[in-house]
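> sequence and predicted structure below; questions after.
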Amino acid sequence: MEALNRNKTWIITDLPPDRKSIGSKWVYRIKYKSNSEIERYKARLVAKDDIVVTGNNLAEIEKFKTFLKTKFMIKDLGRLKYFLEFEILPNGSGVCMNQRKYCLELQNDYGMLRCKPIGTPIEPNMNVEFLSQYMHSPLQSHFNLAFRILRYLKRAPGKGINIVKSNNFSLCAYSDSDYAKCKLNRKFVTGYLVYFCDSLVSWKSKKQATVLRSSAEAEYRAMTSTASLQLVANPVFHERTKHFEVDVHYIREKVATGIIQTIKVGSAVQLAYILTKGLSVSQHEQLVKQLGLLDLFSSCCVAVDLKAVLVAVDLVLIKL
C-alpha cells in the first residue's frame, strides 16, 4: 500500500451517487523452486507487476534499474530464473526456456506422472486445431486428445526453446497452409515459425476465418508451394488471381523490392508442418530436432555436464 501511495496510483475523490465502490483483494501464494522446495511466501494485489530487463550492456542495465528505483518501489530479484511459467536456464550457447515445472504439475494434477509416453501430440493427418476450438464445450473425444498431449509431454517435459548467441543478424520464416483441412467447414489452417539470429522467436497456428476456393490461393497466403512462388514472382499470373484479397499482394511488393526472398522448402525440412498437420513419429521427431529445441534434463545433457565436471576436477588436481 505504501508503494501504491508513493507512486500516486490513485487519487481520493467522492464516490458518484450512481456508482458502487470496488474493494481491493490480496492474493497469497507459495512460490516453489524447480525441485518443489518452497522458495518464499508471496502476498500481492491481483495485478501482475513483474518485468524483465535484458540487454548486452551491463552498465546500461544497472543504470536503467537505478532509474526505475527512483520512480517505483521495486525489488531486484537478480538473474532471471522464472517468468510467466517459463524456467530460464543458462547453457554454453545461450539460455534455454522450458516449462518443465508446469508440465509436471499438470501431469500430477491428472494422475499421469506414471503414464506411458507417446511420440506425437496428435495422430497423423489430424487437424491441429481440433482441441483448441472446443475448449468451451468439450466432448469425451477432446478429453482423450488432451490426455494424449499429456502423454506426449511426459516423454520430455524439460524440452524447451534454445536462445543462442549468434552473429547471424538475419530473419528467416517458414510458412505452410493445409487446404480445406477442417472437415466441418473446410477452412484452411496456416502456420508459421520465425527465426531471428538463428533462434526461434515467434510461431503461430491458426484456422482462417474464410473458406478459399483453391489450394493455390491458400498456399499463396502462406507462401509455400511452387505455384504460389511463381504467382509472387510473375505479375503475368495476377489476372487469374483477382479474387485474392488486396492485402495479400503486399507480399508481392516486398518480393519485387528484394526485401523478402522466397525459397521453396522440401517436405523433409519444412518446419511449419509441425504447426499445420499431424505427422508420423519419425517425421515429427526429425522436425522437432531441426527446430533447435533443447532438453537440459535429458540423460545426454547430464552426461555432457558430468564429463565437464570431471575435466574440471582433473584440472584442479593437476594444478594442486
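Arrived safely, thanks for sending.

> show me the shaky parts of the stretch 201-320 of the chain.
Low-confidence segments of the stretch 201-320 of the chain, defined by pLDDT under 70, span residues 208-248, 299-320.

> how about the stretch 1-150 of the chain?
The stretch 1-150 of the chain contains residues with pLDDT under 70 at 1-4, 22-28, 33-36, 41-49.

> can you pull out the strands in it?
In the stretch 1-150 of the chain, the segments counted as strands under DSSP state E, counting those that start in this stretch are 26-32, 38-45, 82-83, 86-91, 94-98.

> sheet-wise, list the partners of the shortest one with their directions.
For strand 82-83, the paired strands and their directions (DSSP bridges) read strand 86-91 (antiparallel).

> report the buried residues of the partner strand.
Phe86, Glu87, Ile88, Leu89 (16 or more other Cβ atoms under 10 Å). C-beta here means a position set from N, CA and C on the backbone, and glycine is covered the same way.

> please verify my assumption that the first one contacts Met97.
Yes - judged on Cβ atoms under 8 Å, Phe86 makes contact with Met97 at a distance of 4.9 Å.

> joint contacts of those two?
Residues touching both Phe86 and Met97 (Cβ atoms under 8 Å, 6 or more residues apart in numbering) are Gly160.

> single out the most deeply packed of the strands of the stretch 1-150 of the chain.
strand 94-98 (a mean of 20; mean count of other Cβ atoms under 10 Å).

> residues contacting that one, please?
86-90, 158-165, 199, 294-296.

> just the buried members of these?
Buried by 16+ other Cβ under 10 Å: 86-89, 158-164, 199, 294-296, out of the contacts of strand 94-98.

> same list, the buried residues of strand 86-91, but as a markdown table with distance to Arg148 please.
Below are those laid out as a markdown table (distance: Cβ to Cβ, whole Å):
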| residue | distance to Arg148 |
| --- | --- |
| Phe86 | 24 |
| Glu87 | 24 |
| Ile88 | 29 |
| Leu89 | 27 |
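
> closest to Arg79 among these?
Nearest to Arg79, judged by Cβ to Cβ, of those is Ile88 at 8.3 Å.

> per-domain residue ranges of the chain.
Segmentation of the chain into domains, based on automatic domain parsing, reads 2-78, 170-294.

> endpoints of the longest one, how far apart?
Start and end residues of domain 170-294 are separated by 21 Å (Cα to Cα, to the nearest Å).

> can you offset everything so residue one is 251?
Okay, using 251 as the starting number, the last item reads as domain 420-544.

> pretty sure Val302 is touching Leu330, no?
Yes - using Cβ under 8 Å, Val302 makes contact with Leu330 at a distance of 6.0 Å.

> so the two - more neighbours on which side?
The neighbour comparison of Val302 against Leu330 (other Cβ atoms under 10 Å) goes to Leu330, with 15 against 9.

> list the contacts for the closest residue in space to the more buried one that isn't next to it in sequence?
Spatial nearest neighbour of Leu330, chain neighbours left out: Ile338 (4.8 Å); criterion: Cβ to Cβ, 6 or more residues apart in numbering. Ile338 makes contact with Leu330, Lys331, Tyr332, Val345, Cys346, Met347 under the criterion Cβ under 8 Å, 6+ apart.

> repeat that with 10 Å
Contact analysis of Ile338 by Cβ atoms under 10 Å, 6 or more residues apart in numbering lists Val302, Arg329, Leu330, Lys331, Tyr332, Val345, Cys346, Met347, Asn348, Gly410, Ile413.
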